[in-house]
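S.K.: okay, sequence plus prediction incoming.
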Amino acid sequence: NTPGGGGPRHIYDEANVLLGTNVPAGHKIKLQKTANNGSTYTIDFVNFEQVAAAGNPDPAHLVTPTGFGQQDVQNALDKARMDTTGTITGVYLPAGDYQTTGKFNVYGKGIRVVGAGPWFTRLFAPANQDGTDVGIDVQSSAGGSSFAGFAYYGNYTSRIDGPGKVFNITGVTGLTIDNVWVEHMICMFWGTNVHNVTITNTRIRDTFADGINLTNGSTNNHVSNVEARSTGDDSFALFAATDQGGGDQSGNVFENLTALLPWRAAGLAVYGGQNNTFRNLYIADTLTYSGITISSLNFGFPMRDFGPGVTQFSNISLVRDGGHFWGAQTFGAIWMFSASVVYTAIRVNDVDIVDPTYSGIMFQTNYVGGQPQHPIQDSVLTNVSISGAQKSGDQFDAKSGFGLWANELPEPGQGPAVGTVTFNNLRLTNNFQDVKNVTTTFTIVRN
C-alpha cells in the first residue's frame with residue numbers, strides 16, 4: 001500500500017468497476033490517465049463480462065437484513081436460525097456495500113445465504129484497518145448450508161497464519177459455495193475434516209496464502225470452475241495431515257480450474273491421500289514454485305501417505321511454470337518430491353508443459369541425516385509433452401533447460417532423487433536437454 005516503503009508484495013494488483021452500460025460488440029473502451037495523476041501504471045490485462053443484479057429468488061422464505069452493517073446481517077442469520085416454523089430458510093443480501101467488522105456465525109441448522117451477485121452484493125473489511133479477521137464461520141451444526149452470489153474484500157497487507165480465511169470450516173458436511181468472489185484475504189476456503197462440500201463458479205484474487213485448501217481427512221468434496229489469480233501460497237491444495245482429526249483423505253475431485261500468477265508456491269499442490277482426482281487444469285506463470293507439486297513432505301505434521309488408491313492427474317496445461325524460492329533450489333513445471341511418508345500410486349495423463357522456467361518435470365527425494373526418505377515408486381505418466389525448456393540465463397542457469405530432471409543435488413545437505421518413474425508416449429521437443437539424469441539412484445523408464 002506504500003510503494004515508497006520498499007518490499008513490494010505483488011507484481012500487480014487489481015481493480016474492478018461497473019461500466020453502467022452495455023458495450024455493443026465492436027466498440028472500444030479507452031483507459032486514460034488524467035494529467036494531474038503522477039503515478040505509473042502498466043495495464044497487464046482487462047477482463048469484461050456482462051452482469052446483472054439478481055433479485056430475491058425466494059421472498060417467501062429468505063429474510064432481508066434491515067441494513068448493511070455487521071449486526072444487521074448477523075440478526076438476519078439469527079432470525080433464520082431461530083425460526084421453528086419452516087417459513088424462514090435463509091437470508092437474501094440485496095445489492096449494496098456491506099461494512100463488516102468480524103466473522104458472521106452460522107450455526108444450529110443449515111440455512112441458505114444468497115446475494116444479488118458478486119458485482120452487486122459486496123462485503124468489505126474496515127477500510128481504516130489492516131488485517132481484520134472477517135468472513136463466515138460455519139459450525140458443524142449448520143451442515144447443508146449454502147452461500148452464493150456475493151464478493152468479500154479483505155484488508156490484509158501481510159500474511160498472518162491462522163485468521164483471515166473467508167470460510168474457515170471444520171467438521172462440516174454438505175456445504176455449498178457458488179459464485180463467490182474473494183480478494184485481499186489470507187485464504188478463500190480452508191477445510192478441516194470436511195465432507196461433501198461443493199465449491200463452484202468462484203474467483204479468488206490476491207490472497208496471502210492458499211486459495212482453497214482441504215486437509216485432515218476431508219473426503220468426497222468437489223471443487224469446480226474456479227479461477228485463482230495471484231495467490232500467496234498454493235492456489236489449490238490437498239494436504240492429508242491428520243493432526244486435527246480425520247483419517248483417510250479420499251474421494252475429492254478438483255476440476256475445471258485455472259491458476260494464474262501465484263506469487264508464492266504452486267498452482268496445485270497435493271500432499272498425500274488416495275483416490276483423489278485433479279483434471280482439466282490450466283496453470284500459468286508461477287513466480288517462485290512449480291505449477292503442480294506432488295509431494296509427500298509432512299511439514300512436521302502427522303500425515304496420511306499416498307496410496308494404495310491412485311492419485312489421478314489428467315488433461316492439464318502448464319505454461320511458463322516453475323521458479324526459484326530459496327537457496328539453490330529451482331522448481332520444474334511439475335515437482336515430484338518423495339519425502340516424509342510413502343510416495344506411490346501416482347498417475348499423470350495428458351499433460352502439455354510449455355516453456356517451463358527451469359525444467360519440465362523435476363524429481364527429488366528428501367534426505368534426513370544424510371539418508372534418503374521414501375523413494376518415488378509406482379508413478380506412471382502417460383501422454384506427456386514437454387517443449388521449450390531452455391537455459392534461464394540467471395544465476396541458476398546450470399539448473400535449467402531440462403525436459404526431465406532427476407535432481408542430483410537440490411541444495412546443500414540433500415542428495416539425489418531416489419526411485420523409478422515410467423513414461424508412456426513421452427514427447428520432448430525444443431528443449432536445451434531433453435533428459436538429465438546423472439544419478440545412480442533414479443530410473444526413468446520410457447515406453
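M.R.: Good, I have the coordinates. Because the structure is predicted, anything quoted here is derived from the model rather than measured. Residues are numbered from 1 along each chain as shown.

S.K.: may I have the beta-bridge partners of residue 213?
M.R.: Per DSSP bridges, the residues bridged to residue 213 are residue 190, residue 237.

S.K.: where does the stretch 1-150 of the chain have low pLDDT?
M.R.: 1-3, 7-12 (pLDDT under 70).

S.K.: so where do the strands sit in it?
M.R.: 62-63, 90-93, 96-99, 103-106, 112-115, 121-124, 135-138, 146-153 (DSSP state E, counting those that start in this stretch).

S.K.: can I get those strands in CSV with mean neighbour count and distance to residue 301?
M.R.: C-beta: built from backbone N, CA, C; applies to glycine. Written out in CSV, the entries for the strands of the stretch 1-150 of the chain read as follows (neighbours: other CB atoms under 10 Å; distance: least, CB to CB, whole Å):
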stretch, mean neighbour count, distance to residue 301
strand 62-63, 20, 41
strand 90-93, 25, 36
strand 96-99, 16, 36
strand 103-106, 19, 25
strand 112-115, 23, 32
strand 121-124, 23, 32
strand 135-138, 24, 23
strand 146-153, 22, 28
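
S.K.: quick one, strands of the stretch 251-400 of the chain?
M.R.: Going by DSSP E, counting those that start in this stretch, the stretch 251-400 of the chain shows strands at 253-260, 268-271, 276-284, 292-295, 311-319, 323-324, 330-331, 334-338, 346-354, 359-365, 367-368, 371-372, 379-387.

S.K.: same list (the strands of the stretch 1-150 of the chain) but as TSV, adding distance to residue 77.
M.R.: TSV is the format used below for these (distance: least, CB to CB, whole Å):
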stretch	distance to residue 77
strand 62-63	9
strand 90-93	6
strand 96-99	13
strand 103-106	6
strand 112-115	7
strand 121-124	13
strand 135-138	9
strand 146-153	11
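
S.K.: which among these is found nearest to residue 377?
M.R.: Residue 377 lies closest, by CB to CB, to one member of the strands of the stretch 1-150 of the chain: strand 135-138, at 39.3 Å.

S.K.: tell me who's in contact with the residue nearest the centre of the chain.
M.R.: A centroid search over the chain (CA atoms, centre = their mean) returns residue 235, at 2.0 Å, as the residue closest to the centre. Applying CB atoms under 8 Å, 6 or more residues apart in numbering to residue 235 gives the contacts 204, 210-212, 228, 257, 259, 262, 266-268, 283.

S.K.: same check on residue 115?
M.R.: Here residue 115 is in contact with 54, 92-95, 121, 148-150 (CB under 8 Å, 6+ apart).

S.K.: just the closest of these to residue 159, please.
M.R.: Closest approach to residue 159 among the contacts of residue 115 (CB to CB): residue 150, at 24.3 Å.

S.K.: and that closest one, bridged to which residues?
M.R.: Listed beta-bridge partners, residue 150: residue 180 (assigned using DSSP bridges).

S.K.: pretty sure it contacts residue 135?
M.R.: No: using CB atoms under 8 Å, residue 150 makes no contact with residue 135, being 11.8 Å away.

S.K.: and the lengthiest strand in the chain, C-alpha only, in CSV?
M.R.: The longest strand of the chain (DSSP state E) is strand 419-429. Presented in CSV, the C-alpha positions along strand 419-429 are these (Å, rounded to 0.1, in the frame of the first residue of the first chain):
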residue,chain,number,x,y,z
GLY,A,419,13.2,-44.3,-7.1
THR,A,420,11.6,-45.0,-10.5
VAL,A,421,9.1,-43.4,-12.8
THR,A,422,7.6,-44.8,-16.0
PHE,A,423,6.6,-42.7,-19.1
ASN,A,424,4.2,-43.9,-21.8
ASN,A,425,4.3,-41.8,-25.0
LEU,A,426,6.6,-39.0,-23.8
ARG,A,427,7.2,-36.2,-26.3
LEU,A,428,10.1,-33.9,-25.9
THR,A,429,10.7,-31.0,-28.3
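
S.K.: return the set of buried residues in that strand.
M.R.: Using 16 or more other CB atoms under 10 Å as the test for burial, strand 419-429 gives 419-421, 423, 426, 428.

S.K.: what angle separates that strand from strand 334-338?
M.R.: If you take axes from the mean of the first three to the mean of the last three CA atoms, to 10 degrees, strand 419-429 sits at 170 degrees to strand 334-338.

S.K.: thinking again about what came up before, quick one: the strands of the stretch 251-400 of the chain as TSV, columns for distance to residue 178 and mean pLDDT too.
M.R.: Shown next, in TSV, are the strands of the stretch 251-400 of the chain (distance: least, CB to CB, whole Å; pLDDT from 0 to 100):
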stretch	distance to residue 178	mean pLDDT
strand 253-260	14	98
strand 268-271	21	98
strand 276-284	18	98
strand 292-295	26	98
strand 311-319	23	98
strand 323-324	32	96
strand 330-331	33	97
strand 334-338	30	98
strand 346-354	28	98
strand 359-365	35	98
strand 367-368	44	98
strand 371-372	45	98
strand 379-387	33	98
